[in-house]
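> turn this into a structure:
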Amino acid sequence: MVLKLVEAIDVYLAGTVMLIFGMGLYGLFISNVPPGGPPSTDRALKGSSLFGMFALKERPKWMKIDSLDELKTKVGHVIVMILLVKMFERSKMVMITTGLDLLSYSVCIFLSSASLYILHNLHKSDSD
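Numbering: from 1, shown residues only. Next up is the predicted model:
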């Protein structure tokens, strides 16, 4: 049951990467909306809705991309999350028999947690 949930999260994150990448490329190269411009000039929002129920008035904050570097950063964050989910998925199959196995497993968990923490702090300092 847990493995199926992890696989579902992995597929969701892969879809999120594709959505962010596609909308980022569209926003940078096709829609030609100047950074900080009014939402009424965004061609992507004209006729856009969530399953025909809710009209979007402006892009969500996480989808506002002003430069190629910002797009790479957002896609990179989601890719790191996919790698962490894959590591968690593989860790369900690890057989710990010796102290060295336990140490390796602990170091892997620590390094993945540290990388996520550092990535979060780097992103937080960029947005300030």
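
> just give me the neighbour total for Lys57.
Lys57 sits with 10 neighbouring residues when counted by other Cβ atoms under 10 Å. For every residue, glycine as well, the C-beta is placed using N, CA and C.

> wasn't it part of a helix?
No: the assignment for Lys57 (DSSP: H, G, I helix; E, B strand; the rest coil) gives coil, which keeps it out of a helix.

> not counting its neighbours along the chain, what's nearest Gly94?
Gly isn't right for residue 94; it's Val. The shortest distance from Val94 to any non-neighbouring residue, by Cβ to Cβ, 6 or more residues apart in numbering, is to Tyr105 (6.1 Å).

> what's the residue sitting furthest away from the middle of the chain sitting at in phi/psi?
Ranked by distance from the centre of the chain (Cα atoms, centre = their mean), the top residue is Thr98, with 35.7 Å. Phi and psi for Thr98, reported as degrees, to the nearest 10, are phi -120, psi 170.

> show me the residue at the heart of this structure, geometrically.
By Cα atoms, centre = their mean, the chain has its centre lying nearest to Val78, at 2.6 Å.

> for the record, mean pLDDT for the helix or strand hosting that residue?
Using DSSP states H and E, Val78 maps to helix 68-91. Mean pLDDT, helix 68-91: 83.

> the next helix-or-strand element following that helix - contacts with which helices or strands?
Using DSSP H and E, the helix or strand that follows helix 68-91 in sequence is helix 99-127. When contacts are defined as 3 or more Cβ pairs under 8 Å, 6 or more residues apart in numbering; DSSP states H and E, helix 99-127 packs onto helix 68-91.

> show me which parts of the helix it packs on are buried, residue by residue.
Using 16 or more other Cβ atoms under 10 Å as the test for burial, helix 68-91 gives 70-71, 74-75, 77-78, 80-82, 85, 88.

> return the helix or strand in this structure with minimum mean pLDDT.
Lowest on mean pLDDT, DSSP states H and E among the helices and strands of the chain sits strand 49-50, with a mean of 59.
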